[in-house]
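Asker: Dropping a prediction and its sequence here:
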Amino acid sequence: MRSTSVTSPMLTLPHDALNEIALRLPADKSTKPWRDVNSLATTCKGLYYWKKTVVNKKVETEWERVSAGVAKNTGWRDSLEKILSDFEHPSRRLFREPVLRKIAKLKEPKTTAEPKTSLYEFQANLFIQRETATLKEISSCLILCSDDGLESHKKIDLVKKFPSFLSTLKNTDKKKALRMMLNLLFVDKTLTFLIKVNDILKSIEASLGDDPPSKALWELGLRSRGLLTNKPDLGASVFNLEFIPDAEHWNWVLNSVPEFLNTTIGMQIFLNHTVCRPRMIGYLNRIFSECESELARFANCEKVSEVYSQLCECSDGENLAKKIVRDFLKAPLFRYSDNVHLTRLYVDLLSKHVTLVKAIFGKKEKKMLCKLLVNAIRHATIKKSFDQSTSILMALARDDIKLFKNLNIGLLPKAALTDALSHAKSIESLDIRYRYVSALYKAASLYREVDPEFVNDFYDDKEAIKWQMKAQATT
């Protein structure tokens with residue numbers, strides 16, 4: 001709102017007339033009359049004095065009226081509905097916000113009566129009716145949203161108020177409030193889903209207005225939590241950070257949204273960022289070096305494997321990539337774990353390294369990989385985890401058939417070979433499928449003397465694929 005001129009007729013109006021204008025705000029369908037009065041009061045000293053000396057006294061009068069009208073034996077929680085209903089009257093709606101603020105600050109009085117609503121619902125109803133909230137009150141609101149004692153529909157109603165609350169905060173507090181919301185999104189997956197399907201994320205973004213730091217914080221925070229589905233432009237320096245120099249991008253993200261540095265997209269962007277690349281490499285090196293367990297190193301290897309190629313574009317990054325991949329290949333976690341889920345994750349990452357090692361690393365890593373593959377396949381077959389041995393064999397067929405043919409895996413159990421053959425049709429390329437089944441046939445042939453029919457099944461599948469390839473070539 002623009003400042004009121006000292007010659008404006010508004011300033012010559014008596015306080016009674018100003019009071020009438022203020023009271024007409026809710027009558028004229030203002031959705032936030034108390035905020036409108038506060039905005040009016042900030043336009044000049046004269047109107048501020050009117051608000052401070054006249055309007056605030058009327059607020060105290062309303063508070064005394066409401067306090068006197070509450071039945072003492074039921075307390076504030078059971079009287080809230082009556083209070084809110086009373087304040088629907090246009091002449092009183094103006095004072096609803098300051099009265100609700102006072103109620104929110106009250107401690108629950110002792111009462112012998114059984115309250116009709118829970119304390120959680122009472123507090124939620126207060127926040128839902130509020131026009132404004134301080135940073136401390138927003139914190140209380142979000143804590144309430146994360147509590148199991150409140151029903152989901154009430155939580156959604158509360159979160160819908162968040163954009164409105166944000167717009168009244170100064171920029172420093174706004175960023176703190178956004179961090180609180182991002183933390184809530186991180187821990188409460190059910191509420192996060194409800195927030196997403198109700199388009200509340202977009203409402204929050206719209207409420208940020210012309211505030212680049214808050215917009216950047218919000219976008220990077222959502223990307224860190226996988227809540228933005230659009231693919232970003234990796235050619236851009238860093239999302240929405242044009243408001244600060246390139247040299248300060250790293251420190252801003254590290255201090256404001258540090259979790260973004262642990263995402264694949266975050267690592268890719270900063271490894272492509274000429275100024276920030278050394279900081280990103282140093283950050284990854286420190287995190288990996290400080291891992292206190294094999295499990296932590298495995299988790300870090302899993303993340304960094306997505307950016308091996310970017311790391312290897314400079315000598316320091318290449319040294320780090322080799323350090324991480326060698327540690328992974330030297331320490332096969334599956335040997336020490338009976339955790340089926342963890343072992344499957346490990347095998348998936350190992351299968352992925354068939355391509356990564358071949359494309360990016362040298363002979364030393366390839367030799368280590370070959371040894372580990374043999375051990376992994378043998379371990380999987382001993383545990384009768386044939387789905388895991390099959391996934392490794394298929395990865396080899398797709399990405400390194402030469403290594404597949406030369407892999408000295410010894411006599412594989414028939415069940416493992418049968419499982420591997422049953423997945424052959426999932427390989428789209430007939431050429432790769434033929435080489436895959438041919439290699440399985442070679443391994444199955446070791447059983448020819450004891451079970452010729454078993455071997456014939458592999459031979460028949462191999463020949464069938466060969467005929468498919470010929471038919472495809474002639475069409």
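Answerer: Great, that's in hand.
Asker: Now do the domain split for this structure, please.
Answerer: 1-116, 229-331 (automatic domain parsing).
Asker: Mind telling me which of those the model trusts least?
Answerer: Ranked by mean pLDDT, the domains of the chain end with domain 1-116 in last place, scoring a mean of 67.
Asker: So, low pLDDT: which residues of the stretch 101-250 of the chain?
Answerer: Confidence mapping of the stretch 101-250 of the chain against pLDDT under 70 gives the ranges 106-117, 233-240.
Asker: Nearest spatial neighbour of residue 83, chain-adjacent residues omitted?
Answerer: Residue nearest to residue 83 in three dimensions, not counting chain neighbours: residue 66, with 5.9 Å by CB to CB, 6 or more residues apart in numbering. Heads up, the C-betas are built off the backbone N, CA and C, glycines and all.
Asker: contacting residues for the one you found?
Answerer: 83, 86, 99 (CB atoms under 8 Å, 6 or more residues apart in numbering).
Asker: Looking at the residues you listed, state which has the most neighbours.
Answerer: The most crowded member of these, judged by other CB atoms under 10 Å, is residue 99 (22 neighbours).
Asker: where's that residue relative to residue 144, distance?
Answerer: According to CB to CB, to the nearest Å, residue 99 stands 20 Å off from residue 144.
Asker: by contact count, what packs against the top helix by length along the chain?
Answerer: Longest helix in the chain by number of residues, with DSSP state H as the criterion: helix 452-474. Helix 452-474 is packed against helix 414-422, helix 430-444, with contacts defined by 3 or more CB pairs under 8 Å, 6 or more residues apart in numbering; DSSP states H and E.
Asker: Give me the mean pLDDT for that helix.
Answerer: Taken as a whole, helix 452-474 has a mean pLDDT of 91.
Asker: what's it in contact with?
Answerer: Residues from elsewhere that reach helix 452-474 (CB under 8 Å, 6+ apart): 414, 417, 421, 424, 430-431, 433-434, 437-438, 440-441, 444-445, 447-448.
Asker: So which bits of it are buried?
Answerer: 455, 458, 461-462, 465 (16 or more other CB atoms under 10 Å).
Asker: want to throw these into TSV with distance to residue 376?
Answerer: Output for the buried residues of helix 452-474, formatted as TSV (distance: CB to CB, whole Å):
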residue	distance to residue 376
455	25
458	22
461	25
462	25
465	27
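Asker: From residue 359, how far off is residue 309?
Answerer: For residue 309 relative to residue 359 (CB to CB), the value is 8 Å.
Asker: Repeat that for residue 162.
Answerer: Between residue 162 and residue 359 the computed distance is 46 Å (CB to CB).
Asker: The nearest residue to residue 198 once chain neighbours are set aside: how many residues sit nearby?
Answerer: Nearest non-adjacent residue to residue 198, counting by CB to CB, 6+ apart: residue 156, 6.0 Å away. Per other CB under 10 Å, the neighbour tally for residue 156 reads 16.
Asker: thinking again about what came up before, what is the nearest of the buried residues of helix 452-474 to residue 226?
Answerer: residue 465 (39.4 Å; CB to CB).
Asker: So for the most far-flung residue of the chain relative to its centre, what pLDDT did the model give?
Answerer: For the chain, the residue at maximal distance from the C-alpha centroid (CA atoms, centre = their mean) is residue 449, at 57.2 Å. pLDDT, residue 449: 91.
Asker: all strands of the protein, in order?
Answerer: In order along the chain, the chain carries no strands (DSSP state E).
Asker: center of it - which residue?
Answerer: By CA atoms, centre = their mean, the chain has its centre lying nearest to residue 225, at 1.2 Å.
Asker: and the gap between that residue and residue 181?
Answerer: 11 Å.
Asker: With residue 320 instead?
Answerer: Using CB to CB, residue 320 is found at 34 Å from residue 181.
Asker: ditto for residue 305
Answerer: In terms of CB to CB, residue 305 sits 31 Å off from residue 181.
Asker: Same question for residue 446.
Answerer: Distance from residue 446 to residue 181, by CB to CB: 61 Å.
Asker: Name the residue in these two with the higher neighbour count.
Answerer: A direct count of neighbours by other CB under 10 Å for residue 446 and residue 181 places residue 181 higher, at 21 against 13.
Asker: Contacts only, for that one.
Answerer: 142, 162, 204.
Asker: could these be laid out in JSON lines, adding distance to residue 390 and neighbour count?
Answerer: Formatted as JSON lines, those follow (distance: CB to CB, whole Å; neighbours: other CB atoms under 10 Å):
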{"residue": "142", "distance to residue 390": "47", "neighbour count": "20"}
{"residue": "162", "distance to residue 390": "48", "neighbour count": "24"}
{"residue": "204", "distance to residue 390": "46", "neighbour count": "21"}
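Asker: which one of these is nearest residue 33?
Answerer: For the contacts of residue 181, the nearest to residue 33 is residue 162 (20.8 Å; CB to CB).
Asker: thinking again about what came up before, for residue 257, which of the helices and strands packed on helix 452-474 is the nearest?
Answerer: Ranking the helices and strands packed on helix 452-474 by their distance to residue 257 (criterion: CB to CB) puts helix 430-444 first, at 42.2 Å.
Asker: contacts for the closest one?
Answerer: With CB under 8 Å, 6+ apart as the criterion, helix 430-444 contacts 393-394, 397-398, 401, 404-405, 409, 412, 414, 417, 420-421, 424-425, 427, 454-455, 457-459, 461-462, 465-466, 468-469, 472.
Asker: What's the local residue count around the closest residue to residue 426 other than its chain neighbours?
Answerer: Distance criterion CB to CB, 6+ apart; nearest residue to residue 426, sequence neighbours excluded, is residue 394 at 7.7 Å. Neighbour count of residue 394, defined by other CB under 10 Å: 21.
Asker: Please narrow the contacts of residue 181 to those residing in helices.
Answerer: Using DSSP H, those in helices are 142, 162, 204.
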